[in-house]
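*Asks:* I'll drop the sequence and a predicted model, then ask my questions.
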Number of protein chains: 2
Amino acid sequence: MSATIKDIAEAAGVSAATVSRVLGNKEGFYSQSTATRVRKIAASLDYEKNTSAVELVTQKSHVIGVIISATKTNFSDKIIEGIHAEAIRHGLSVIMLYAGQNDPQLQEQALRTLIERAVKGILVVAIELTDKNLALLQDSQIPYRFLSTSYNSNKLPSIASDDYQIGYQATRHLIERGHRKIGLVAMDTSGHIGQQRVAGYRAAMIQEALPVKDEWVKVGMYTYEDGIKAMQAFGQQPEVTAIIGASDLAAIGVLNQAMQYDIQVPKQLAIVSIDGTYLARIVRPQLTTVTQAFYEMGTLGTQMLLDQTQQTISQFTPIKIETRQST
Amino acid sequence: MSATIKDIAEAAGVSAATVSRVLGNKEGFYSQSTATRVRKIAASLDYEKNTSAVELVTQKSHVIGVIISATKTNFSDKIIEGIHAEAIRHGLSVIMLYAGQNDPQLQEQALRTLIERAVKGILVVAIELTDKNLALLQDSQIPYRFLSTSYNSNKLPSIASDDYQIGYQATRHLIERGHRKIGLVAMDTSGHIGQQRVAGYRAAMIQEALPVKDEWVKVGMYTYEDGIKAMQAFGQQPEVTAIIGASDLAAIGVLNQAMQYDIQVPKQLAIVSIDGTYLARIVRPQLTTVTQAFYEMGTLGTQMLLDQTQQTISQFTPIKIETRQST
DNA sequence: CTGAAAGCGCTTACAG
DNA sequence: CTGAAAGCGCTTACAG
């Protein structure tokens, strides 16, 4: 079908080895005259190198694999953008595979695809692997890193925000504005992230000797619907004067349900959301957020994945409070 | 490093060919007893097949390539979800590459990566290729299809919405509600999509003998900011009583700026947005939308890409009006 | 500066 | 049911 190195060699009257050297720019291993001749013929033949052959013989790959959640929250976009930007800088391509949040089968399939392809590295975005799949990944000897999942107590290399700080700072922000009864909503406390955030929240409350009622903390899966439901549970006369939403979407759910109840935001109810994606800016009132550095997670994660010396180190990306209309 | 077929062959006391047959499930070409023995050894050796070698020898690939815009509007998420769902059904993996909206260099790089990898097919999502890059794609002999870009007047295989109908129906919806002065906002009229939508809009107006002032049609790039700017241009006392936003985000821009001006939506100003992503439902008032079937674009596009007999046919996915609070 | 040769890990007619 | 052999398209010591 398409032209091979041999076709070029024949047409140019040289050996395949020479063609390979020219096309691979192995400088010093060919003369200018043959180089230009070979290049011209290659172009005229619409030659494209066969990546499979190259990868097979060189035993290395120029692609990095990314596994992301299918039911992805909207923040992963930014992470992926960051990954791509950094990958392009290094001349790598990115192969992306979706895996359900809690589907071990899909996780395994995605992992195997990447391992069979012997990718240069694997980035796992916002997914917690089962123990079995984690073992599979580790046995593969391929460098890997978790993004936006500081799970297993940082035993595994990851790039993420400090979720304890997220919970703590969101709460501090509200306490400093005079709130004493603060709710925390749509957080998944079965995972490490949710647990950390709740811990940070509790610490901030305790520090000011503020009590925390169990019903102020409402679990969920970070979704818009969980935000709505949580606000419905608080009811038209909520006991709390402020609510922290586990994600921008969850906070928007809280906001919309509050408006439905004719509760004034921020006058009667203050809202802080976590993530700080563009969603927080396009709703009215705009949401005060604990903003995560998602793009940096992508770029930094990719850099560290490629840097052999830093393979085991975990790192936090910075967070910051952006004060807007909802507090 | 990792085990090969040879290692297994040796350990099992059979030839590499037999191992290959067992692991490839070439039924009838091996006995049950050898099969189980080979499989056990393969598992114990953590064997993973080398995709490069397989692709090299079989001369075919199990991956489909997707090229998407870096500055992606939020709808492409759904398209990509659809692509992945369909790809998984067929046991294919997906390699995704970002290419800037108007960066011929990045486009070319993305295309070459895919062509060198000899992927099974290429899906171009919401991007218009330059003529040169289109030629590159066509010369590659790899099946391809454009998603959500009905460009070059349907000469190229694509799956998209009927943009003329989008413009027409959005306008009809407003006319039927009594509007006679209707604006169209943030549309990129340098592209085929924008041109078609404007044509549909004009046709609907003309059909009712309604005049169209040039300043009612404001161009843009479908962004939130373009929506804001357009509304600012209309001013606090807009001449039009209804505005069609080129995307959900653009419409939200219009909405927010209108609220800023204390213009009541929909009472004083009706708004229709195009796309119908979840954004339209999370803002208040919720937006009436012309909803596109993005997920289907992904699944259908992938199906047709893989179906040799349908390679050249373009097709529209359905659109529908979803009436909400903004009209 | 260039070529012949070996080999990357696999698949598949061909012969038995 | 199984093995020996050829070959996919490329790269790279080795020898000149």
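*Replies:* Ah, there it is.

*Asks:* ok, residues contacting stretch A:175-182?
*Replies:* Where contact means CB atoms under 8 Å, 6 or more residues apart in numbering or on different chains, the residues beyond stretch A:175-182 that reach it are A:171, A:174, A:201, A:204-205, A:208, A:210, A:216, A:239-244, A:270, A:327. Placement of C-beta: from N, CA and C, glycine included.

*Asks:* May I see the buried residues of it?
*Replies:* Neighbour-count burial for stretch A:175-182 flags A:175, A:179, A:181-182 (criterion: 16 or more other CB atoms under 10 Å in any protein chain shown).

*Asks:* That stretch: how far from the chain's middle?
*Replies:* 31 Å (CA atoms, centre = their mean, to the nearest Å).

*Asks:* close enough to count as contact, residue A:120 and residue A:64?
*Replies:* Yes: between residue A:120 and residue A:64 there is a contact under CB atoms under 8 Å: 5.3 Å.

*Asks:* check contacts around residue A:277.
*Replies:* A:74-75, A:78, A:248, A:294.

*Asks:* Let's see that with 6 Å instead.
*Replies:* A:74-75, A:248 (CB atoms under 6 Å, 6 or more residues apart in numbering or on different chains).

*Asks:* Just confirm it is within a strand.
*Replies:* No: under DSSP: H, G, I helix; E, B strand; the rest coil, residue A:277 sits outside any strand and is assigned coil.

*Asks:* so which strand or helix has residue A:201?
*Replies:* helix A:192-207 (DSSP states H and E).

*Asks:* For that helix, which helices and strands make contact with it?
*Replies:* Helix A:192-207 is packed against helix A:163-176, strand A:182-187, with contacts defined by 3 or more CB pairs under 6 Å, 6 or more residues apart in numbering or on different chains; DSSP states H and E.

*Asks:* Out of the ones you listed, which gets nearest to residue B:93?
*Replies:* helix A:163-176 (31.6 Å; CB to CB).

*Asks:* ok, and for that closest one, which residues are buried?
*Replies:* A:163-175.

*Asks:* Between these, which sits nearest residue A:149?
*Replies:* Nearest to residue A:149 among the buried residues of helix A:163-176, counting by CB to CB, is residue A:163 at 10.0 Å.

*Asks:* who touches that closest one in this structure?
*Replies:* Contacts for residue A:163 were tallied using CB under 6 Å, 6+ apart; they are A:193, A:196-197.

*Asks:* Please point out which parts of the lowest-mean-pLDDT helix or strand in chain A sit buried.
*Replies:* With mean pLDDT, DSSP states H and E as the measure, the helix or strand of chain A carrying the lowest mean pLDDT is strand A:93-99 (a mean of 85). Neighbour-count burial for strand A:93-99 flags A:93-99 (criterion: 16+ other CB under 10 Å).

*Asks:* which stretch of helix or strand covers the closest residue to DNA strand C within the stretch 51-200 of chain A?
*Replies:* Proximity of the stretch 51-200 of chain A to DNA strand C (CB to the nearest atom of the strand) peaks at residue A:57, 3.3 Å away. Secondary structure assignment for residue A:57, by DSSP H and E: helix A:51-58.

*Asks:* Tell me if the helix or strand hosting residue A:274 is near chain B.
*Replies:* Per DSSP H and E, residue A:274 falls inside strand A:270-275. No: using CB under 6 Å from any CB of the partner chain, strand A:270-275 stays clear of chain B, coming no nearer than 12.3 Å.

*Asks:* low pLDDT regions in chain A?
*Replies:* Across chain A, the ranges flagged by pLDDT under 70 are A:1, A:70-73, A:150-154.

*Asks:* Can you show me the strands along it?
*Replies:* Secondary structure of chain A (DSSP state E): strands at A:63-69, A:93-99, A:121-125, A:144-147, A:158-160, A:182-187, A:217-219, A:242-245, A:270-275, A:288-292, A:315-316, A:319-322.

*Asks:* CA atoms only: put the second one into PDB for me.
*Replies:* These are the backbone C-alpha positions of strand A:93-99, laid out as PDB (Å, rounded to 0.1, in the frame of the first residue of the first chain):
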ATOM      1  CA  SER A  93       1.100  11.700  21.500                       C
ATOM      2  CA  VAL A  94      -1.600  11.000  24.000                       C
ATOM      3  CA  ILE A  95      -3.900   8.000  23.900                       C
ATOM      4  CA  MET A  96      -7.000   8.500  26.100                       C
ATOM      5  CA  LEU A  97      -9.200   5.800  27.400                       C
ATOM      6  CA  TYR A  98     -12.400   6.200  29.300                       C
ATOM      7  CA  ALA A  99     -13.100   3.900  32.300                       C
END
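
*Asks:* Give me the residues contacting the strand holding residue A:274.
*Replies:* With CB under 6 Å, 6+ apart as the test, strand A:270-275 has contacts from A:75, A:166, A:170, A:242-248, A:251, A:254-255, A:265, A:280, A:287-290, A:292, A:326-327.

*Asks:* When residue A:120 and residue A:64 are compared, which one has more neighbours?
*Replies:* Legend: neighbour count by other CB atoms under 10 Å in any protein chain shown for residue A:120 and residue A:64, higher for residue A:64 (26 against 19).

*Asks:* just checking, the more buried one touches residue A:118?
*Replies:* No: in this structure, residue A:64 is not within contact of residue A:118 by CB atoms under 6 Å, at 11.6 Å.

*Asks:* can you list the residues of chain A near DNA strand D?
*Replies:* A:4-6, A:16-17, A:20-21, A:23-24, A:26, A:47, A:49-50, A:53-54, A:56-58 (CB under 7 Å from any atom of the strand).

*Asks:* same thing but 6 Å
*Replies:* Counting by CB under 6 Å from any atom of the strand, chain A comes close to DNA strand D at A:4-5, A:16-17, A:20-21, A:23-24, A:49-50, A:53-54, A:56-58.

*Asks:* From those, keep the buried residues only.
*Replies:* Among these, those scoring as buried are A:4-5, A:20-21, A:23, A:49-50, A:53-54, A:56 (criterion: 16+ other CB under 10 Å).

*Asks:* Now narrow those to whatever sits close to chain B.
*Replies:* A:49, A:53, A:56.

*Asks:* Distance check, the second one against residue A:64.
*Replies:* What that stands for is residue A:53. To residue A:64, residue A:53 is 20 Å away according to CB to CB, to the nearest Å.

*Asks:* now the last one
*Replies:* In this view, residue A:56 and residue A:64 are 18 Å apart by CB to CB.

*Asks:* Equivalent analysis for residue A:313, please.
*Replies:* Counting by CB to CB - residue A:313 and residue A:64 are separated by 18 Å.

*Asks:* swap in residue A:263?
*Replies:* According to CB to CB, residue A:263 stands 47 Å off from residue A:64.

*Asks:* same question, residue A:232
*Replies:* Distance, residue A:232 to residue A:64, using CB to CB: 43 Å.

*Asks:* what does residue A:262 give?
*Replies:* For residue A:262, the distance to residue A:64 - CB to CB - is 50 Å.

*Asks:* Okay, buried residues for stretch A:78-89 please.
*Replies:* Taking 16+ other CB under 10 Å as the criterion, stretch A:78-89 shows A:78-84, A:86-88 as buried.

*Asks:* Could you do stretch A:111-118 as well?
*Replies:* Using 16+ other CB under 10 Å as the test for burial, stretch A:111-118 gives A:111, A:113-118.

*Asks:* List the ones among those residues that fall in helices.
*Replies:* Judged by DSSP state H, helices contain the following of these: A:111, A:113-116.

*Asks:* In those residues, find the pair that's most separated.
*Replies:* Checking these with CB to CB, the most distant pair is A:111 and A:116, at 9.5 Å.

*Asks:* Could you list the domains of chain A?
*Replies:* Chain A breaks down by automatic domain parsing into domains covering A:5-49, A:61-160+A:295-318, A:163-292.

*Asks:* Any chance of a markdown table for those domains, columns distance to residue B:135?
*Replies:* Formatted as a markdown table, the domains of chain A follow (distance: least, CB to CB, whole Å):
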| stretch | distance to residue B:135 |
| --- | --- |
| domain A:5-49 | 10 |
| domain A:61-160+A:295-318 | 22 |
| domain A:163-292 | 37 |
